[in-house]
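A.B. asks: just to be clear, the model below is a prediction. Sequence and coordinates:
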Amino acid sequence: MACRISELVLDCADAERLAAFWSEVLGYVEIEREDDGSIAIGPPDVGFGGPQPVLVLSPSSDPRAGKLPLHIDVNATDRDQDAELERLLALGAEPADVGQTGDESWYVLVDPEGNEFCLLRSRIQPV
């Protein structure tokens, strides 16, 4: 027996804004809202418990202290890396400098609240 990641929870200042951003990035839809303002997004027609984890954007007023110890990696499913980079930048992602040499096969970006994520080179099949 083993566990499987079912949810990734990200504390944020503006759950609406990040839910909209990550829904566009991942092709997710809103699946649930909690009384505390948390918004869960996930794959359309699947929801919680499917093969892909749900992303929960949880409002928090606690200031973030430094770099998150975990980040998200994404891969394009229907275009090459450069075209996907253009799409992500148009959605509001910004390039981030974390000490790259420039020879990496990935791009380091931040979402609208400054959370780092990487766009990897390989195109993968959609689920």
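C.D. replies: Yes, it's here.
A.B. asks: identify all contacting residues around the helix or strand that residue 85 is a member of.
C.D. replies: Using DSSP states H and E, the element containing residue 85 is helix 81-91. Contact with helix 81-91 is made by 21, 24, 25, 76, 79, 95, 107, 109, 119, 120, 121, 123, as judged by C-beta atoms under 8 Å, 6 or more residues apart in numbering. Every residue, glycine included, has its C-beta placed from N, CA and C.
A.B. asks: of these, which belong to strands?
C.D. replies: Under the assignment DSSP state E, the contacts of helix 81-91 contribute 95, 107, 109, 119 to strands.
A.B. asks: next, give phi and psi for the residue lying closest to residue 41 once chain neighbours are set aside.
C.D. replies: Leaving out its chain neighbours, the residue that sits closest to residue 41 by C-beta to C-beta, 6 or more residues apart in numbering is residue 28, at 4.2 Å. Main-chain torsions, residue 28, degrees, to the nearest 10: phi -90, psi 170.
A.B. asks: in stretch 26-35, which residues are buried?
C.D. replies: The neighbour-count check on stretch 26-35 (16 or more other C-beta atoms under 10 Å) flags 26, 28, 31 as buried.
A.B. asks: quick one: contacts for the first one?
C.D. replies: What it means is residue 26. 41, 55, 74.
A.B. asks: re the thing from before, and the helix holding residue 85, what's buried?
C.D. replies: Burial within helix 81-91, assessed by neighbour count using 16+ other C-beta under 10 Å, is assigned to 81, 84, 85, 88.
A.B. asks: with stretch 11-22 instead?
C.D. replies: For stretch 11-22, using 16+ other C-beta under 10 Å, the buried residues are 11, 12, 15, 18, 19, 20, 21, 22.
A.B. asks: then stretch 67-80?
C.D. replies: Across stretch 67-80, burial judged by 16+ other C-beta under 10 Å covers 72, 74, 76.
A.B. asks: thinking again about what came up before, quick check, the residue nearest to residue 41 in contact with residue 43.
C.D. replies: Yes - contact status for residue 28 versus residue 43: in contact at 6.1 Å, counting by C-beta atoms under 8 Å.
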